[in-house]
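In: Turn this into a model:
(chains A, B, C and D)
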There are 2 protein chains.
Amino acid sequence: MTSERRGGGSRGGKPAREFDDQVLELVAERFQVLAEPMRLRILNQLRGGEMSVGALVDATGGRQANISRHLSALLAQGIVNRRKEGVFAYYRIEDPKIFDLCELVCDSLQARLTARQHALGGR
Amino acid sequence: MTSERRGGGSRGGKPAREFDDQVLELVAERFQVLAEPMRLRILNQLRGGEMSVGALVDATGGRQANISRHLSALLAQGIVNRRKEGVFAYYRIEDPKIFDLCELVCDSLQARLTARQHALGGR
DNA sequence: ATAATATATTAGTATATACTCATACAATCA
DNA sequence: TGATTGTATGAGTATATACTAATATATTAT
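Out: Okay, here's the model as predicted:
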């Protein structure tokens, strides 16, 4: 990210959007974490309850290092939680709202598809 | 993106996740478009009704080329719509569900913050 | 025709990040 | 103690993308 002039204060013209921008950055960050198919796969697996890293590696078909990194990202965002037991690390969903997000997105995608079908004269 | 073995069919072990993966990629794509502060700023502006590119440039403080690109991305995802009138191009929200998404995210973020405050002994 | 304006696009650059392998770290067991 | 196993991390690479300036395209006015 480079310049792109941020408003410096209440002076200097331009509408007041100072505070809102910080929120937008946080929101964008949250979306960013959900913008990876592999992370969504992991979350999808965790719907059934907590799983160890190894179990997620098996279930998703990813590499251990990669899964571990994705889990760290999800953990940093407070989307999952971690429980250590012996050598194992069990992850579980901490913020179930993300599934609502996914459902909303699916609704949108589906609506767009059916709209397209109609546009093509679909039944 | 590189290898990461995709299941080839119903044979070869591993649970059946073939179809789901395609959906997850679409969902991730949608999240990706929403994962940019500037695009969220644009969408936020469009809440008040359709706006021309130039008006969005003024309102967001971005460069014309950049705003135009972001609008293209939003248009390609069916999130906004475009109306051409003379020399102007007016964009407007096509899929208002995205605001529900943003609200859900805000709820999550807020919940996480208050949880942290409590953890720190906040009142 | 030329000029002026609004928008889109091309080309180039810088940064972010998803992935890999290899290795470090930590806990259990011989 | 060392060996084994599960997880995390360091280092390197490849790709995606957000940004910029400059230019192309299109519409209206002179």
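
In: wait, what's in contact with the residue positioned nearest the centre of chain A?
Out: Nearest residue to the geometric centre of chain A (CA atoms, centre = their mean): residue A:34, 1.8 Å. Contacts for residue A:34 (CB atoms under 8 Å, 6 or more residues apart in numbering or on different chains) come out as A:40, A:98, A:101-102, B:28, B:31. All C-beta atoms are positioned from the backbone trio N, CA, C, and that covers glycine.

In: what do you get for residue A:36?
Out: A:70, B:28.

In: Which ones among the contacts of residue A:34 lie within helices?
Out: Taking DSSP state H, the ones among the contacts of residue A:34 that sit in helices are A:40, A:98, A:101-102, B:28, B:31.

In: and stretch A:98-108, is it in reach of chain B?
Out: Yes: contact between stretch A:98-108 and chain B is present through A:98, A:100-102, A:104-108 (criterion: CB under 8 Å from any CB of the partner chain).

In: what residues does that stretch touch?
Out: A:34, A:40, A:43, A:47, A:79, B:23, B:27, B:30-31, B:78, B:95, B:97-98, B:100-101, B:104-105, B:108.

In: The same query, at a cut-off of 7 Å, please.
Out: A:34, A:43, A:79, B:27, B:30-31, B:95, B:97, B:100-101, B:104 (CB atoms under 7 Å, 6 or more residues apart in numbering or on different chains).

In: out of those, which one sits closest to residue B:53?
Out: residue B:95 (19.4 Å; CB to CB).

In: circling back: mind putting the residues of stretch A:98-108 next to chain B in CSV, pLDDT and distance to DNA strand D included?
Out: Shown next, in CSV, are the residues of stretch A:98-108 next to chain B (pLDDT from 0 to 100; distance: CB to the nearest atom of the strand, whole Å):
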residue, pLDDT, distance to DNA strand D
A:98, 96, 19
A:100, 96, 24
A:101, 97, 19
A:102, 95, 19
A:104, 96, 21
A:105, 96, 16
A:106, 94, 20
A:107, 93, 23
A:108, 94, 18
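
In: Which among those residues count as buried?
Out: Neighbour counting over the residues of stretch A:98-108 next to chain B (16 or more other CB atoms under 10 Å in any protein chain shown) leaves A:98, A:101-102, A:104-105, A:108 as the buried ones.

In: The one helix or strand in chain A whose mean pLDDT sits lowest vs DNA strand C: in contact?
Out: Every helix and strand of chain A was ranked by mean pLDDT, DSSP states H and E. The lowest is helix A:18-33, at a mean of 89. Yes: Helix A:18-33 reaches DNA strand C (CB under 7 Å from any atom of the strand) through residue A:32.

In: just checking, what packs against that helix?
Out: helix B:37-46, helix B:97-119 (3 or more CB pairs under 7 Å, 6 or more residues apart in numbering or on different chains; DSSP states H and E).

In: Next, the angle helix A:97-119 makes with that helix.
Out: 80 degrees (axes from the mean of the first three to the mean of the last three CA atoms, to 10 degrees).

In: Only alpha carbons, please: show helix A:18-33 as PDB.
Out: Extracted C-alpha coordinates of helix A:18-33, given in PDB (Å, rounded to 0.1, in the frame of the first residue of the first chain):
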ATOM      1  CA  GLU A  18     -11.600   9.400   9.400                       C
ATOM      2  CA  PHE A  19     -13.000   7.000  12.000                       C
ATOM      3  CA  ASP A  20     -14.900   4.900   9.600                       C
ATOM      4  CA  ASP A  21     -11.800   4.000   7.700                       C
ATOM      5  CA  GLN A  22     -10.300   2.200  10.600                       C
ATOM      6  CA  VAL A  23     -13.400   0.100  10.900                       C
ATOM      7  CA  LEU A  24     -13.300  -0.600   7.200                       C
ATOM      8  CA  GLU A  25      -9.800  -1.800   7.500                       C
ATOM      9  CA  LEU A  26     -10.700  -4.200  10.300                       C
ATOM     10  CA  VAL A  27     -13.700  -5.500   8.300                       C
ATOM     11  CA  ALA A  28     -11.500  -6.000   5.200                       C
ATOM     12  CA  GLU A  29      -9.000  -7.900   7.300                       C
ATOM     13  CA  ARG A  30     -11.700 -10.200   8.500                       C
ATOM     14  CA  PHE A  31     -12.900 -10.800   4.900                       C
ATOM     15  CA  GLN A  32      -9.400 -11.400   3.800                       C
ATOM     16  CA  VAL A  33      -9.000 -14.300   6.200                       C
END
